[in-house]
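K.L.:
Sequence first, then the predicted structure:
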Amino acid sequence: MRRETMTYVEGFVLAVPAANKDAYRKHAADAVALFKEFGVRRHVEAWGDDVPEGKLNDFRTAVAAKEGEEIVFSWFEYPDRATRDAANAKMMSDPRMAEMGASMPFDGQRMIVSGFDSFVEEGLGGAMGYTDGFVLAVPDANRETYRKMADKAALVFLDHGATRVLECWGDDVIDGKVTDYKRATHAEPGESVVFSWIEWPSKEARVAGWEKSMADERMKHDPNDQSFDGKRMIYGGFVPILDA
């Protein structure tokens, strides 16, 4: 079911020492009320569970993860970019944010973050027990072709157990000093970064849903479809540790 209004997303990928998982969860939970005050409509933190290594790139190389670190796939949802921009301005000037920054249980310099405008948003959501996260680069000229393909795939996933699917197009993609989304996806000139996820009620539903979706006739790959370079897409499965 398509929503009447779309969502603006601040998407994050970061590496957290496995030993700091509880400290990270508490750090994020302690900030929920503050972020809500700033205008964040939803705040999700998802811990790496099934994060494969890629031949060209993957979530670990995206954030230069070190041995003993796990990947966190995270996002804020806003009603629009104006609300997000206002929230970021408040965050930059609020002393409470400075206090939080001084006690982060991870290396913030390797966190990648940018703003994305949703252009496929299907499903009503609900209790989320698992999420698949994706980051990829798509040629700007292929935006509409990719959108149509992603929208069709989203409906297939929903038919087989997913509760919500979002595809978000890079709108305010920041260049980082150490890492960033463009480097993570080996983005080329004329390409934009897409930040995407699928919500499932549980990992079991996700495993069964993927099997059924891949067998669905609607998901047969068109050999003429070259809307993006799948070899540079990074993906993984994550367990939510915070959904506020």
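P.N.:
Yep, that arrived.
K.L.:
Flag the shaky bits of the protein, pLDDT-wise.
P.N.:
The chain contains residues with pLDDT under 70 at 1-5, 223-224.
K.L.:
just the helices in it please.
P.N.:
21-30, 32-38, 59-62, 81-93, 95-101, 143-159, 181-185, 203-215 (DSSP state H).
K.L.:
can I get these in a markdown table with mean neighbour count and distance to Gln226?
P.N.:
For glycine as for every other residue, the C-beta is placed from the backbone atoms N, C-alpha and C. Listed next are the helices of the chain as a markdown table, based on neighbours: other C-beta atoms under 10 Å; distance: least, C-beta to C-beta, whole Å:
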| stretch | mean neighbour count | distance to Gln226 |
| --- | --- | --- |
| helix 21-30 | 16 | 39 |
| helix 32-38 | 14 | 39 |
| helix 59-62 | 22 | 23 |
| helix 81-93 | 15 | 30 |
| helix 95-101 | 11 | 43 |
| helix 143-159 | 17 | 9 |
| helix 181-185 | 22 | 16 |
| helix 203-215 | 16 | 20 |
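K.L.:
Can I get those helices in TSV including distance to Val173?
P.N.:
Formatted as TSV, the helices of the chain follow (distance: least, C-beta to C-beta, whole Å):
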stretch	distance to Val173
helix 21-30	23
helix 32-38	21
helix 59-62	13
helix 81-93	13
helix 95-101	22
helix 143-159	14
helix 181-185	6
helix 203-215	28
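K.L.:
For Val165, which of those helices is the nearest?
P.N.:
helix 143-159 (3.8 Å; C-beta to C-beta).
K.L.:
What lies in contact with the closest one?
P.N.:
Here helix 143-159 makes contact (C-beta atoms under 8 Å, 6 or more residues apart in numbering) with 119-120, 122-123, 138, 162, 165, 167, 169, 192, 194, 196, 198, 209, 213, 216, 218-219, 225, 227-228.
K.L.:
Which of the residues you listed fall in strands?
P.N.:
119-120, 122, 138, 165, 167, 169, 192, 194, 196, 198 (DSSP state E).
K.L.:
And Ser103, how far from Ala31?
P.N.:
For Ser103, the distance to Ala31 (C-beta to C-beta, to the nearest Å) stands at 11 Å.
K.L.:
and those two? which has more neighbours close in?
P.N.:
More neighbours surround Ala31 than the other of Ser103 and Ala31, with 19 against 9 (other C-beta atoms under 10 Å).
K.L.:
Could you measure from the more buried one over to Met111?
P.N.:
Taking C-beta to C-beta, one finds Ala31 at 14 Å from Met111.
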